[in-house]
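Undergrad: need a structure here:
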Amino acid sequence: MPVPLPPALAQILDVLRCPICRGPLRPDRGALRCPAGHTFDLARHGYVGLLTGTRAVSADDAAMAQARARFLATGAYLPIRHAVARLAADAGPGTVLDVGCGTGYYLAGVLARLTDARGLGLDASVRALRSAARAHERAAAASWDVSRRFPVADRAADLVLNVFAPRNPAEFRRVLRPTGRLIVVRPTDRHLAELRHRVRAMVTVDPAKEQRLHHALDPHFMAARSERVDYLAPLTGSDALDLVGMSPSARHVSRADAGSGPLPGHVTVSVLATVYRPR
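TA: Residues are numbered from 1 along each chain as shown. Below is the predicted model:
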């Protein structure tokens with residue numbers, strides 16, 4: 001039996017484009033099809049598989065996606081989600097595109113704040129997309145490698161989110177309306193310091209990260225407003241293991257290795273969230 005078109009995906013079809021020929025997509029017996037006949041299956045978990053060719057090697061695997069879902073469910077990152085929603089509050093009704101959406105946690109927070117907006121999350125991890133597709137009733141999800149040209153129409157988005165995810169500035173600019181906004185969230189050098197001190201194999205924050213971000217975004221965007229989020233979060237042993245397990249560090253250190261020594265009972269959460277306007 002063909003998979004039915006999810007309501008959230010039906011509401012966002014006008015902004016989607018075929019990743020092969022850039023034609024519009026329409027539902028067709030459990031799939032999306034463009035006028036040229038390129039066809040993309042609807043997954044029974046609620047997302048559409050648009051990713052073609054070689055898959056991104058950095059996508060979250062099943063264990064990473066599960067660790068992320070468990071950790072975010074503790075509420076430890078809720079202040080970050082609230083900050084993103086606050087910064088998005090003046091975006092108004094329209095289309096929200098979450099690039100590298102993961103499980104859809106931050107997209108759901110923004111849509112809860114913007115009651116007349118609709119959302120689309122793009123991510124290469126089909127495991128994470130299973131959660132993203134049901135993160136909010138107005139959130140659609142599609143598999144995509146965000147380093148490539150997005151399967152989205154020009155100037156289709158009113159707001160682009162990029163939270164702890166790879167960046168593609170030229171594509172952010174292409175898909176944003178002239179009056180749109182980009183919100184970028186990234187860690188400071190204090191983020192998870194206690195955990196990084198205990199688990200030596202964890203990926204560190206590049207001290208030149210802010211300089212590289214400015215260099216990449218400056219041709220396309222200008223910063224309008226920033227908010228720094230700093231707090232101590234309590235951390236159980238299992239939370240700490242999930243925090244390591246959901247990060248890029250999971251590719252370098254096993255859960256057993258991460259838990260082989262004493263883990264901190266709290267951790268510093270420190271991020272910068274910035275709103276950018278298109279140039």
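Undergrad: which residues touch F71?
TA: By Cβ atoms under 8 Å, 6 or more residues apart in numbering, the residues touching F71 are 77, 239, 242-243, 246. C-beta coordinates here come from the backbone N, C-alpha and C atoms, glycine included.
Undergrad: so which of the residues you listed comes closest to V48?
TA: Lowest distance from V48 to the contacts of F71 (Cβ to Cβ) belongs to M246, with 24.2 Å.
Undergrad: Among the contacts of F71, which one lies nearest to R22?
TA: The closest of the contacts of F71 to R22 turns out to be M246 (Cβ to Cβ; 33.8 Å).
Undergrad: Confirm for me that that closest one is in contact with M64.
TA: Yes. Contact criterion Cβ atoms under 8 Å: M246 and M64 qualify, at 5.5 Å.
Undergrad: that older thread, so can I have TSV of the contacts of F71 showing pLDDT?
TA: Listed next are these as TSV, based on pLDDT from 0 to 100:
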residue	pLDDT
Y77	98
D239	92
D242	92
L243	91
M246	89
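Undergrad: More neighbours: which of M246 and M64?
TA: Neighbour comparison, M246 and M64: the larger count goes to M246, with 24 against 21 (by other Cβ atoms under 10 Å).
Undergrad: Identify the spatial nearest neighbour of the spatially most central residue of the chain, chain neighbours not counted.
TA: Taking Cα atoms, centre = their mean as the criterion, C101 is the residue nearest the geometric centre of the chain, at 2.1 Å. Nearest residue to C101, sequence neighbours excluded (Cβ to Cβ, 6 or more residues apart in numbering): G121, at 3.0 Å.
Undergrad: Let me know the average pLDDT across the helix or strand where that neighbour lies.
TA: Under the criterion of DSSP states H and E, G121 resides in strand 117-123. Across strand 117-123, pLDDT averages out at 97.
Undergrad: Number of residues surrounding the residue lying closest to A63 once chain neighbours are set aside?
TA: Nearest non-adjacent residue to A63, counting by Cβ to Cβ, 6+ apart: G245, 6.4 Å away. Using other Cβ under 10 Å as the criterion, G245 is surrounded by 22 other residues.
Undergrad: surely G245 meets A65?
TA: No. G245 is not in contact with A65 according to Cβ under 8 Å; the separation is 9.9 Å.
Undergrad: where along the chain do the helices fall?
TA: Listed in chain order, the helices found in the chain under DSSP state H are 7-12, 62-73, 78-88, 105-113, 126-132, 169-175, 193-198, 209-217, 237-245, 255-258.
Undergrad: hey, least reliable of those by pLDDT?
TA: Mean pLDDT per stretch puts helix 255-258 lowest among those, at a mean of 56.
Undergrad: gap between the spatially closest residue to P151 that is not a sequence neighbour and A157?
TA: With sequence-adjacent residues excluded and distances taken as Cβ to Cβ, 6+ apart, P151 is closest to P19, at 4.3 Å. Note on P19: its distance to A157, by Cβ to Cβ, to the nearest Å, is 17 Å.
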